[in-house]
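Asks: have a look; sequence and predicted model below, questions after that.
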Amino acid sequence: MATILSTGKGGISVNLSTGSVIAFKSTRFDIAGNLGAKEAYLDLSNKNNDIIFRLTIRRGQSRVFFNDHAAQSLIEGWGQEKSVDLNPVDVERWRRSGVTISVHTCSTYFGERYQILFDLITVFHFDSRFPGPAINIKYSTAATWFRPPLSDQLEVRFYQLNTWFEGHCAAWHTSLSLYIFFKST
C-alpha cells in the first residue's frame with residue numbers, strides 16, 4: 001500500500017531498520033533551468049532529530065547530493081556533502097516519465113550505509129554516521145511557492161527484505177523487482 005508524501009506538509013512516521021527499502025515515486029523529474037524551486041530535499045531523521053540522511057536534487061545540475069546533520073553540535077552540524085553525476089540519457093528518460101528513488105538501509109563490513117537507487121540503478125552508497133533507525137521522513141523544497149524538481153506529492157512504498165540479502169549492500173536490486181512483484185500479488 002502506498003503512502004503520499006507532500007512537500008512542506010510535515011512528514012511520515014516510520015521505523016526503517018537495516019534491510020528496509022523505501023521507494024519514492026515521482027511523476028516529475030525536472031532539473032533543467034531556473035524556473036521553479038531551486039532544490040528538493042528528502043530527509044530521514046532519527047529519534048534525536050538528527051537528519052541521518054539527506055538527498056538533495058538541485059535545478060540546473062545533473063547531479064544528486066547527499067549529506068547528514070547533527071541536531072546538537074558545537075559547530076554547524078552538517079557532514080561532508082557528497083555528490084554524484086547523473087547519466088544524461090537517464091536524466092532525459094526521467095524527465096519524460098518520472099523516476100523512482102529508492103533508499104536501502106544496509107550494512108557492510110565497514111558499518112551501516114544507505115544504498116541509493118534511481119529506477120533500480122545504484123547511483124551511490126552513503127555511509128551513516130548516526131546510530132539507530134530512521135523514524136521520520138520529510139519532503140521539502142528551498143521555496144514552497146515554486147514548482148519543485150520532483151512531484152508535489154510522492155508516492156511512498158516501504159519494503160522489508162526478508163531474504164538472504166536482507167541487510168547487505170549488494171547487487172540485490174535485480175532480485176528486488178521479482179521480490180516486490182511476488183510480495184504484492
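Replies: It's in.
Asks: strands of the protein, start to end?
Replies: 3-6, 11-16, 20-26, 39-45, 51-58, 63-69, 82-85, 99-108, 111-118, 121-127, 134-141, 153-160 (DSSP state E).
Asks: the ones you listed into TSV, with extra columns for distance to Arg147, mean neighbour count and mean pLDDT?
Replies: (Each C-beta comes from the backbone N, C-alpha and C, glycine too.) Below are the strands of the chain laid out as TSV (distance: least, C-beta to C-beta, whole Å; neighbours: other C-beta atoms under 10 Å; pLDDT from 0 to 100):
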stretch	distance to Arg147	mean neighbour count	mean pLDDT
strand 3-6	13	14	90
strand 11-16	21	16	87
strand 20-26	12	21	93
strand 39-45	10	21	92
strand 51-58	13	22	94
strand 63-69	19	19	94
strand 82-85	23	13	94
strand 99-108	16	21	89
strand 111-118	20	19	89
strand 121-127	24	16	92
strand 134-141	9	21	92
strand 153-160	12	17	91
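Asks: so which of those gets nearest Glu92?
Replies: strand 99-108 (11.4 Å; C-beta to C-beta).
Asks: got the end-to-end distance for stretch 75-90?
Replies: 38 Å (C-alpha to C-alpha, to the nearest Å).
Asks: ok, back up a step: so which of the strands of the chain comes closest to Ala32?
Replies: Smallest distance to Ala32 across the strands of the chain (C-beta to C-beta): 11.4 Å, for strand 51-58.
Asks: pLDDT at Val172, what is it?
Replies: Not quite, residue 172 is Trp, not Val. If you check Trp172, the pLDDT there is 47.
Asks: I meant Lys38, not that one.
Replies: Confidence score, pLDDT, at Lys38: 79.
Asks: correct me, but it touches Arg59?
Replies: Yes. Between Lys38 and Arg59 there is a contact at 5.3 Å, judged by C-beta atoms under 8 Å.
Asks: who's more crowded, those two?
Replies: Set Lys38 next to Arg59 and count neighbours by other C-beta atoms under 10 Å: Arg59 wins out with 19 against 16.
Asks: need the pLDDT of the more buried one.
Replies: Arg59 is given a pLDDT of 83.
Asks: roughly how far does it sit from Phe126?
Replies: Computed as C-beta to C-beta, to the nearest Å, the Arg59 to Phe126 distance reads 22 Å.
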